[in-house]
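**Student:** Sequence and predicted model, in that order:
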Amino acid sequence: MAAPRKNVEEIRNRVILEEFGLKNVHTTDFPGNYPGLDDSWDMHQFQKNFRIDIVHLDESSMEFDMVGIDASIANAFRRILLAEVPTMAVEKVFIYNNTSIVQDEVLAHRLGLIPIKADPRLFEFKNAGQESAEDDGSEIDTIQLQLKIKCSRNPNASKESSDPRELYRNHMVYSRDLKWIPLGNQADVFADFSIRPVHDDILIAQLRPGQELDIVMHCVKGIGRDHAKFSPVATASYRLLPEITLLEVVEGEKAELLKHCFSRGVIDLEDVRGKKSGQSGEQSTRYMQPRSSPTCGSKEFGEAGKGSRSFHIHCGIYWYPASRCAGYRGHPGSHVQMSNVSQ
Amino acid sequence: MAGEMEKKPKLEMVQADGADEGCVTFVMHDEDHTLGNSLRYMIMKNPDVEFCGYTITHPSESKINFRIQTRGGVPAVESLRKGLNDLHDVGQHVLNTFQARVGEFKQREDQPME
């Protein structure tokens, strides 16, 4: 009961999004499944068919297409980006004085989530063994930061003002107030670039006159699997490259409506019978490139190309440029979105 | 194939049938879908393999049971080894391609500015 030839092509290469479900989601091209086709692993075939096209690359995000690779491997890459790429983050927080309204543990949690601009490849993992209180922290595995700030009243403020920015000094504690204290030979090794948080404007706490913070932090190297603060990416997601095929010709006003249903660039209109009928030429649509993601799940039946996956990586760069993913964690935990078909 | 000394072994073999080398269940510690699914795909692409699958026995424990059944008397260990090597080569090739493309992209970006 072999499937007809045309169907086989479709089953092997396309995930189809229907009105109430999906078809052909699972990989079926294993040896023996299709008589007459040799599906065994062939490295040369893979190398011939595989390509990567970079769509967008800047300091904090990257999007690229991988064509000719299976979902299981692309997914493995995504999982590794989220959980196994190491970064530096604040781990131990020594609070010498905290008279602010923010509780110690909440403050420590927030400090841990601040992304630190330091190349983890220049550091080593800390040994799991010792748990001694203050002494640990050699120059090869620890970065020391200090936060020492005191809020005071501004003597030059006018009598009637109620704006905190005018009334108080240092009432907002930002990540730019974190100072790096070099340990050992770190001052020489990191001479040209100082170690600091990636973003200067992360609000850590708010103070009022008389309140102060006196904190020392130790940053260590870790991976996302241990704690999400170590995850270098804000998110890494992938989806299949969508392909939209219109099953019938759409003309005139309906064509315009269709075009507006999708993101710009997905549907293009072309003139079929131009000046024949009065003012507006009748237009029929044809399908455009699958680059932009259609966001309207209307009655069209769409298909997605199984062989190609579009990979999105959003990260805050620092030490690593976006292409190597070091990250910004703007919020705790990584949110992952992954869809098998066009959205 | 059991691991060494004090550390917990990374990989263990559990053989159900005594004589048949082709049907083996491997227990891999500290692994999850990241390795399990991608390795399963590579081993399934091997024409000597009749069955390949993995389970995570309990989500609280990070270990997977990986089962391989081969046909034609090929020892399961061999197909595991081949699968791991192939997966490694795939990763290497993707890395090389990626680095080359990023390099090109960056060069193209610098050129209009010159």
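**Tutor:** Received, thanks. What you see is a predicted model; the values in this text were computed from it and never measured.
**Student:** Write out the residues of the stretch 51-200 of chain A neighbouring chain B.
**Tutor:** Neighbours of chain B within the stretch 51-200 of chain A, by C-beta under 8 Å from any C-beta of the partner chain: A:51-54, A:57, A:64, A:66, A:69-70, A:72-73, A:75-77, A:79-80, A:83-84. Glycine gets a C-beta too; all of them are placed from N, C-alpha and C.
**Student:** Which strand or helix spans A:Val55?
**Tutor:** Per DSSP states H and E, A:Val55 falls inside strand A:51-57.
**Student:** Now that strand: buried residues?
**Tutor:** For strand A:51-57, burial by neighbour count (16 or more other C-beta atoms under 10 Å in any protein chain shown) applies to A:Ile52, A:Ile54, A:Leu57.
**Student:** after it comes which helix or strand?
**Tutor:** Using DSSP H and E, the helix or strand that follows strand A:51-57 towards the C-terminus is strand A:61-67.
**Student:** so the following helix or strand past that next one versus strand A:61-67, what angle?
**Tutor:** Note on strand A:61-67: by DSSP H and E, the next helix or strand toward the C-terminus is helix A:71-83. With axes from the mean of the first three to the mean of the last three C-alpha atoms, to 10 degrees defining the directions, helix A:71-83 sits at 160 degrees from strand A:61-67.
**Student:** Run through the neighbouring helices and strands of helix A:71-83.
**Tutor:** In this structure, helix A:71-83 makes packing contacts with strand A:233-244, strand A:302-315, helix B:33-44, helix B:76-113, judged by 3 or more C-beta pairs under 8 Å, 6 or more residues apart in numbering or on different chains; DSSP states H and E.
**Student:** redo that, cut-off 10 Å
**Tutor:** strand A:61-67, strand A:233-244, strand A:302-315, helix B:33-44, helix B:76-113 (3 or more C-beta pairs under 10 Å, 6 or more residues apart in numbering or on different chains; DSSP states H and E).
**Student:** Relative to the helix or strand just after that helix, what are the paired strands and their orientations?
**Tutor:** Later in the chain than helix A:71-83, the nearest helix or strand by DSSP H and E is strand A:87-98. In its sheet, strand A:87-98 lies beside strand A:212-222 (antiparallel), with partners assigned from DSSP bridges.
**Student:** Show me where chain B dips below the pLDDT cut-off.
**Tutor:** B:1-7, B:17, B:113-114 (pLDDT under 70).
**Student:** so which residue of it comes closest to chain A?
**Tutor:** B:Lys45 (3.6 Å; C-beta to the nearest C-beta).
**Student:** Please name the residues that touch the residue lying closest to that residue once chain neighbours are set aside.
**Tutor:** The spatial neighbour of B:Lys45 that comes closest, neighbours along the chain excluded (C-beta to C-beta, 6 or more residues apart in numbering or on different chains), is A:Trp41 at 3.6 Å. By C-beta atoms under 10 Å, 6 or more residues apart in numbering or on different chains, the contact set of A:Trp41 is A:30-31, B:41-47, B:82-83, B:86-87, B:89-90.
**Student:** any idea how far B:Phe66 is from the residue most central in space within chain B?
**Tutor:** Nearest residue to the geometric centre of chain B (C-alpha atoms, centre = their mean): B:Leu39, 3.0 Å. Taking C-beta to C-beta, to the nearest Å as the measure, B:Leu39 falls 7 Å from B:Phe66.
**Student:** Can you pull the residues that touch both of these two?
**Tutor:** In contact with both B:Leu39 and B:Phe66: B:Phe26, B:Met28, B:Glu31, B:Cys52, B:Tyr54, B:Leu80, B:Gly83, using C-beta under 10 Å, 6+ apart.
**Student:** so the fourth one is in which element?
**Tutor:** In this case it means B:Cys52. Assigned by DSSP H and E, B:Cys52 falls in strand B:49-56.
**Student:** Likewise for the second one?
**Tutor:** If you go by DSSP H and E, B:Met28 is part of strand B:23-29.
**Student:** one step back: most neighbours among the contacts of A:Trp41, please name it.
**Tutor:** B:Ile43 (27 neighbours; other C-beta atoms under 10 Å in any protein chain shown).
**Student:** Which residue comes closest to it once chain neighbours are left out?
**Tutor:** In space, B:Ile43 is closest to B:Gly83, 3.8 Å off (C-beta to C-beta, 6+ apart).
**Student:** How about A:His218?
**Tutor:** That would be A:Lys92: by C-beta to C-beta, 6+ apart, it lies 4.2 Å from A:His218.
**Student:** that older thread, is it possible to export the helices and strands packed on helix A:71-83 to JSON lines including distance to A:Glu212?
**Tutor:** Below are the helices and strands packed on helix A:71-83 laid out as JSON lines (distance: least, C-beta to C-beta, whole Å):
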{"stretch": "strand A:61-67", "distance to A:Glu212": "38"}
{"stretch": "strand A:233-244", "distance to A:Glu212": "32"}
{"stretch": "strand A:302-315", "distance to A:Glu212": "34"}
{"stretch": "helix B:33-44", "distance to A:Glu212": "45"}
{"stretch": "helix B:76-113", "distance to A:Glu212": "46"}
